[in-house]
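*Asks:* Provided below for reference: sequence and predicted model.
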Amino acid sequence: MSGYQNVNRRPAIFLAVAMIFISLSTVHGQGRSYSLFGAGASLARGAESPYHNPANLAFQKPRSFSCSFLGISGAGSNSAFSLSDYNRYNGAYLDAAAKQDILDALSGTGLLSAFKLDIRPFAATWGSWAFSTRTQALGSARLAEDVVGLLLNGNELDVTYDFEPLAGESALFTSCTVSYGHTLPLLIGGANRISLGVNMHYYIGSGYAQVEKSHAEALTGFSTIRAAGVAQLRTARGGSGCGVDLGMTLQAAPQLYFSIAAENLSSRLNWKKNTETIHADFQLYATNVDHILENDLTIDEVVLHSDTTLASPSFSTTLPAIWTVAASLHEERYQLALQGTILPKEADLALARSRFVCAGAYQVWPFLWLRAGFGYKGDLGWGSSWGWGLGGKSFRWDFGWQGLGGILPPSWRGGGFASSFSCGL
């Protein structure tokens with residue numbers, strides 16, 4: 001027996017809206033790499049190098065100048081539902097089998113969502129040196145499967161809903177980075193040259209929050225209701241730290257490059273300002289529903305709840321190490337690239353999932369490059385991208401689009417775009 005069985009003709013619309021608000025969002029500010037599905041470790045040159053592989057700065061001509069600026073992009077996706085799923089269920093009456101299909105898509109682990117806001121307003125190079133700025137807002141959250149079950153099936157009597165896991169983490173910080181690339185005099189075999197590069201970051205933390213523990217459950221009977229929950233949150237409103245990235249690129253032939261890059265090889269953010277621990281809990285003992293309605297009782301009169309905020313010691317966090325291996329072919333009118341990226345399994349906050357990418361670019365006219373790529377991104381599955389570069393060496397506008405969750409549009413669970421400008425002398 002269900003209390004809301006009549007409210008289920010358009011649950012897919014409500015569910016789709018919910019997916020938007022708990023979806024993955026990213027801003028990269030790199031139209032060129034975005035159109036290549038993220039490939040850049042061996043392709044990036046000039047002011048794009050610090051964001052992908054600082055070793056590529058060594059290929060800059062002495063006293064040459066380049067910069068990138070006004071980069072912006074946005075994307076949204078989720079871990080379970082595609083465009084074709086929405087089209088299938090939108091406006092339909094969902095029977096028990098359809099609802100179970102939706103819940104099965106969560107694989108019994110709940111819905112994992114995350115966001116990454118990555119703003120890169122300016123980067124400039126002079127020879128083999130570079131300076132760049134970057135602001136990142138990172139976050140992840142996990143929503144219990146029972147929450148989605150409530151949206152689809154309504155509140156069923158005598159069923160205990162367990163809202164676990166409920167977890168989340170977020171951070172906001174800015175980095176100022178000095179980068180350098182150097183060509184080694186040592187030649188290995190028939191290699192033309194080998195270069196090494198380093199990014200040295202100084203982090204300015206603005207905010208951090210983490211749900212350290214949480215649990216909630218609820219039961220509605222024919223005449224009674226009970227619920228309980230507890231949550232503990234750790235927060236900070238300021239901090240600082242340092243980090244180091246390393247990269248290496250081997251020019252095996254005039255047009256052939258192999259690269260290895262380690263992002264966040266060493267990183268630490270020390271949160272020292274306004275560090276607090278917030279503890280909250282509530283308890284609704286088995287209570288007669290008729291008694292609540294007849295006496296018009298408020299929530300405060302039937303629910304025991306408390307919250308406590310305590311100052312806590314300073315603490316440190318790290319960013320997960322991201323390892324990338326890439327190879328690329330640079331011809332006069334086309335470029336090809338293969339790239340693989342590996343992250344630790346616990347790297348939900350970084351949201352740069354382990355991936356494999358194949359991408360290419362072709363110069364149609366002297367002022368127009370067309371680019372495309374496809375690849376596999378961990379939990380998001382397959383995806384594809386396309387875009388263009390309009391302009392010449394002195395000034396260029398890059399635009400890119402990505403479809404996430406599948407190669408073709410019907411299977412996409414999200415998408416995004418990027419636009420950026422660059423110039424060089």
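*Replies:* It's in.
*Asks:* residues touching residue 253, list them.
*Replies:* The neighbourhood of residue 253, defined by CB atoms under 8 Å, 6 or more residues apart in numbering, consists of residue 192. No exception for glycine: its C-beta is placed from N, CA and C like everyone else's.
*Asks:* again with residue 58
*Replies:* Residues near residue 58 by CB under 8 Å, 6+ apart: 128, 181-183, 193, 195-197, 249.
*Asks:* give me that answer again for 7 Å
*Replies:* 128, 181-183, 195, 197 (CB atoms under 7 Å, 6 or more residues apart in numbering).
*Asks:* One more: residue 198?
*Replies:* Contact partners of residue 198, counting by CB under 7 Å, 6+ apart, are 54, 179-180, 244-246.
*Asks:* Tell me which two in the contacts of residue 58 are the farthest apart.
*Replies:* 183 and 197 (10.0 Å; CB to CB).
*Asks:* which of the two has more neighbours?
*Replies:* Neighbour comparison, residue 183 and residue 197: the larger count goes to residue 197, with 25 against 17 (by other CB atoms under 10 Å).
*Asks:* and that one, that one's in a strand?
*Replies:* Yes - looking at residue 197 with DSSP: H, G, I helix; E, B strand; the rest coil, it is inside a strand.
*Asks:* Touching, residue 331 and residue 257? I think so.
*Replies:* No - judged on CB atoms under 7 Å, residue 331 makes no contact with residue 257 at a distance of 12.0 Å.
*Asks:* from the middle of its chain, how far away would stretch 365-384 be?
*Replies:* The chain centre lies 17 Å from the centre of stretch 365-384; the measure is CA atoms, centre = their mean, to the nearest Å.
*Asks:* how about that stretch as PDB, C-alpha atoms only?
*Replies:* Coordinates of each C-alpha in stretch 365-384 appear next as PDB, following Å, rounded to 0.1, in the frame of the first residue of the first chain:
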ATOM      1  CA  TRP A 365      42.500  26.500 -44.700                       C
ATOM      2  CA  PRO A 366      45.300  28.600 -43.300                       C
ATOM      3  CA  PHE A 367      42.900  30.300 -40.900                       C
ATOM      4  CA  LEU A 368      40.700  27.200 -39.900                       C
ATOM      5  CA  TRP A 369      41.500  24.100 -38.000                       C
ATOM      6  CA  LEU A 370      38.800  21.400 -37.500                       C
ATOM      7  CA  ARG A 371      39.200  19.000 -34.500                       C
ATOM      8  CA  ALA A 372      37.500  15.900 -33.200                       C
ATOM      9  CA  GLY A 373      38.100  13.200 -30.700                       C
ATOM     10  CA  PHE A 374      36.500  10.300 -28.700                       C
ATOM     11  CA  GLY A 375      37.400   8.400 -25.600                       C
ATOM     12  CA  TYR A 376      36.400   6.600 -22.500                       C
ATOM     13  CA  LYS A 377      36.100   8.400 -19.100                       C
ATOM     14  CA  GLY A 378      35.700   6.000 -16.200                       C
ATOM     15  CA  ASP A 379      32.200   6.200 -14.600                       C
ATOM     16  CA  LEU A 380      31.000   8.400 -17.500                       C
ATOM     17  CA  GLY A 381      31.800   5.800 -20.100                       C
ATOM     18  CA  TRP A 382      32.300   6.700 -23.800                       C
ATOM     19  CA  GLY A 383      32.200  10.200 -25.200                       C
ATOM     20  CA  SER A 384      33.000  12.300 -28.200                       C
END
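*Asks:* Which residue comes closest to residue 377 once chain neighbours are left out?
*Replies:* residue 355 (4.4 Å; CB to CB, 6 or more residues apart in numbering).
*Asks:* so who does the one you found touch?
*Replies:* Contacts of residue 355 were listed using CB under 7 Å, 6+ apart, and they are 38, 341, 375-378.
*Asks:* what's the pLDDT at it?
*Replies:* We have a pLDDT of 83 for residue 355.
*Asks:* Give the bridge partners for it, please.
*Replies:* Residue 355 has these beta-bridge partners by DSSP bridges: residue 341, residue 377.
*Asks:* Next one: residue 135 from residue 203, what distance?
*Replies:* From residue 135 across to residue 203, the span is 11 Å (CB to CB, to the nearest Å).
*Asks:* Same check on residue 130?
*Replies:* Counting by CB to CB, the gap from residue 130 to residue 203 is 17 Å.
*Asks:* Quick check on these two: which one has the bigger neighbour count.
*Replies:* residue 130 (27 against 22).
*Asks:* Need the pLDDT of the residue nearest to that one when sequence neighbours are not counted.
*Replies:* Nearest residue to residue 130, sequence neighbours excluded (CB to CB, 6+ apart): residue 179, at 4.0 Å. Confidence at residue 179, expressed as pLDDT, is 98.
*Asks:* and residue 179, what element?
*Replies:* strand 167-184 (DSSP states H and E).
*Asks:* Buried ones in that strand, by neighbour count?
*Replies:* Neighbour-count burial for strand 167-184 flags 167-173, 175, 177, 179-181, 183 (criterion: 16 or more other CB atoms under 10 Å).
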